[in-house]
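*Asks:* Next input, structure requested:
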Amino acid sequence: MSPHRHGRGPTIRTRLALLNTAVLAAGGAALLAINWFLVREALSDHSATVVAPSATTELAPAATAPAAPAPSGSPFESAAASAASPAHQFEEFRDAVLHDLLTRSALALFAVLALALLAGWWVARRSLSRIGAVTAAARHINDTNLHDRLALVGPDDEVSELADTFDAMLDRLEKSFAEQRRFTAQASHELRTPLTLQRTALEIPLAQGLVPDNLRPAIHRALDAVDRSENLIGSLLALARGESGILTPRPTDLADLARTAIADTRAEADNAAITVETRLGPAPVTGDPSLLTQLVHNLVANAVRHNHPGGTVHLSTGHSAGQAYIEVTNSGPAIDEADIPSLLEPFRRGRTGGHGAGLGLSVIRAVVTTHQGTLTITPNPAGGLTTHVLLPTAREDAEQGTRRVVTGY
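*Replies:* The predicted structure follows:
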């Protein structure tokens, strides 16, 4: 939470509805007061027109036939006084009219305010729904789907300007990420040539027996360094391709890739006396074969390398509910669940270290994300990890792969 926020208050649509209602209430009250004053003045201005005829009518009989005065204090005196004061009757009439006008106008104002509150809340909701679309897009878009755009439709107003600005920002971010990944791929590719020359320059004299015995250990260490550099460059290329979003989809079976990965790591597993157990069922997908090969190889290689001597690796593949899966479980050192997110970052290793470059899980995550899959990593209670990868099956993956080719970088 931002340090300037002290709790969630009313929403903007509620505040706008209340503000509009308050403005309408103030305006309605002012209009009611002005109307009441104008009606009162109008009645006062025309009081002579109403009172004068009544006075003339009551004075005419008195001029022709004067009556005897009523006894003082009798009821007739009050009646006569009331009949003889039309101005007083008019004042009572005026007060009654003004009171009735005020009461009915106030009731009407309250009814209008209630309707205005509902209408204001509805209008504010409709007006702010486009801002909600911007918020939802901002939550959804990340470095894997920067090609998405709002493309907000509607009137040319401030919200449209905000959406256009957001799309322009995404354009800049997409270009920046694409240039960074392109640079990584090009740099990694260019570094392969000098490494190949180094390997050749070291292997030829070593194979021809031209290297003295005292220099052989140094030559082998140099070759090991070249191997590590080539593995690092290969991982960087795989990471750049995995994050690029550009696929060449073809039908592939994860079970076949798993068998190949096991064969490639068999010698390393035998040297550490690691037992590899498999349960390989058909797991057909349509994806980029080279990236999926790197994905499965990294899963198996990590399970073998980050293990302890005499450990085990369980590998299974299959498909269910429209998705293909591959799951790798290995023994090894205990890993805290809090350390899992950091292991997915490039060049990050676990607390136990390792001889790898720290790109294995990063490549796995990039390839899974590009293929619209799901990656789940869970620490085992006895040590090691269980890595579960879900990928869309052949037809769905083919459609998504085609879309990625069209909309990718």
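
*Asks:* okay, stretch 136-155 in CSV with CA atoms only?
*Replies:* In CSV, the C-alpha atoms belonging to stretch 136-155 read as follows (Å, rounded to 0.1, in the frame of the first residue of the first chain):
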residue,chain,number,x,y,z
ALA,A,136,-7.4,-4.5,-16.1
ALA,A,137,-5.0,-4.3,-19.0
ALA,A,138,-2.3,-2.8,-16.8
ARG,A,139,-2.7,-5.8,-14.4
HIS,A,140,-2.6,-8.4,-17.3
ILE,A,141,0.2,-7.1,-19.5
ASN,A,142,3.8,-8.2,-18.5
ASP,A,143,7.1,-8.8,-20.3
THR,A,144,5.6,-11.9,-22.0
ASN,A,145,2.7,-10.3,-23.7
LEU,A,146,3.8,-6.8,-24.5
HIS,A,147,2.3,-7.1,-27.9
ASP,A,148,-1.2,-6.7,-26.4
ARG,A,149,-2.8,-3.3,-26.8
LEU,A,150,-5.8,-1.6,-25.3
ALA,A,151,-7.2,-0.3,-28.6
LEU,A,152,-9.9,1.4,-26.5
VAL,A,153,-13.0,2.5,-28.4
GLY,A,154,-15.3,5.3,-27.5
PRO,A,155,-15.4,9.1,-27.6
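
*Asks:* would you list every one of the strands in this protein?
*Replies:* For the chain, the strands defined by DSSP state E cover 250-253, 275-280, 284-287, 312-320, 323-330, 374-379, 385-392.

*Asks:* nearest to residue 28, of those?
*Replies:* strand 374-379 (57.3 Å; CB to CB). Where C-beta positions appear, they are placed from N, C-alpha and C, glycine not excepted.

*Asks:* Any buried residues in the closest one, and which?
*Replies:* 375, 377, 379 (16 or more other CB atoms under 10 Å).

*Asks:* mean confidence for it?
*Replies:* For strand 374-379, the mean per-residue pLDDT is 92.

*Asks:* swap in stretch 308-319?
*Replies:* On average, the pLDDT along stretch 308-319 is 93.

*Asks:* and if you look at stretch 288-301?
*Replies:* Summarised as a single mean, pLDDT over stretch 288-301 is 88.

*Asks:* among the strands of the chain, which is nearest residue 337?
*Replies:* strand 374-379 (5.3 Å).

*Asks:* number of nearby residues for the residue nearest to residue 205 when sequence neighbours are not counted?
*Replies:* Nearest residue to residue 205, sequence neighbours excluded (CB to CB, 6 or more residues apart in numbering): residue 211, at 5.2 Å. Residues near residue 211, counting by other CB atoms under 10 Å, number 16.

*Asks:* Switch the strands of the chain over to TSV; also include distance to residue 149.
*Replies:* What follows is those, written out as TSV (distance: least, CB to CB, whole Å):
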stretch	distance to residue 149
strand 250-253	29
strand 275-280	41
strand 284-287	25
strand 312-320	34
strand 323-330	28
strand 374-379	25
strand 385-392	23
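
*Asks:* closest to residue 40 out of the ones you listed?
*Replies:* That would be strand 374-379 among the strands of the chain, by CB to CB, at 75.7 Å.

*Asks:* Note down every partner strand of that closest one and its orientation.
*Replies:* strand 385-392 (antiparallel) (DSSP bridges).

*Asks:* Buried residues of the partner strand, list them for me.
*Replies:* Counting neighbours by 16+ other CB under 10 Å, strand 385-392 gives 385, 387, 389, 390, 391, 392 as buried.

*Asks:* what residues does that strand touch?
*Replies:* 254, 285, 287, 295, 299, 302-303, 306, 322-330, 332, 335, 364, 368, 371-380, 397, 400 (CB atoms under 8 Å, 6 or more residues apart in numbering).

*Asks:* Just the helices from the stretch 201-350 of the chain, written as ranges.
*Replies:* 216-244, 254-264, 266-271, 289-305, 340-343 (DSSP state H, counting those that start in this stretch).

*Asks:* Can you say which of those is packed in most?
*Replies:* helix 289-305 (a mean of 23; mean count of other CB atoms under 10 Å).

*Asks:* Let's see it as PDB, backbone CA atoms only.
*Replies:* Output of helix 289-305 as PDB, limited to C-alpha atoms (Å, rounded to 0.1, in the frame of the first residue of the first chain):
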ATOM      1  CA  PRO A 289      10.900 -28.500 -31.300                       C
ATOM      2  CA  SER A 290      14.300 -26.800 -30.400                       C
ATOM      3  CA  LEU A 291      12.800 -24.900 -27.500                       C
ATOM      4  CA  LEU A 292      10.900 -27.900 -26.200                       C
ATOM      5  CA  THR A 293      14.000 -30.000 -26.400                       C
ATOM      6  CA  GLN A 294      15.900 -27.400 -24.400                       C
ATOM      7  CA  LEU A 295      13.000 -27.400 -21.900                       C
ATOM      8  CA  VAL A 296      13.000 -31.100 -21.300                       C
ATOM      9  CA  HIS A 297      16.800 -31.400 -21.300                       C
ATOM     10  CA  ASN A 298      17.100 -28.600 -18.600                       C
ATOM     11  CA  LEU A 299      14.500 -30.400 -16.500                       C
ATOM     12  CA  VAL A 300      16.300 -33.700 -16.500                       C
ATOM     13  CA  ALA A 301      19.800 -32.100 -16.300                       C
ATOM     14  CA  ASN A 302      18.800 -30.000 -13.300                       C
ATOM     15  CA  ALA A 303      17.300 -33.000 -11.500                       C
ATOM     16  CA  VAL A 304      20.600 -35.000 -12.000                       C
ATOM     17  CA  ARG A 305      23.100 -32.200 -11.200                       C
END
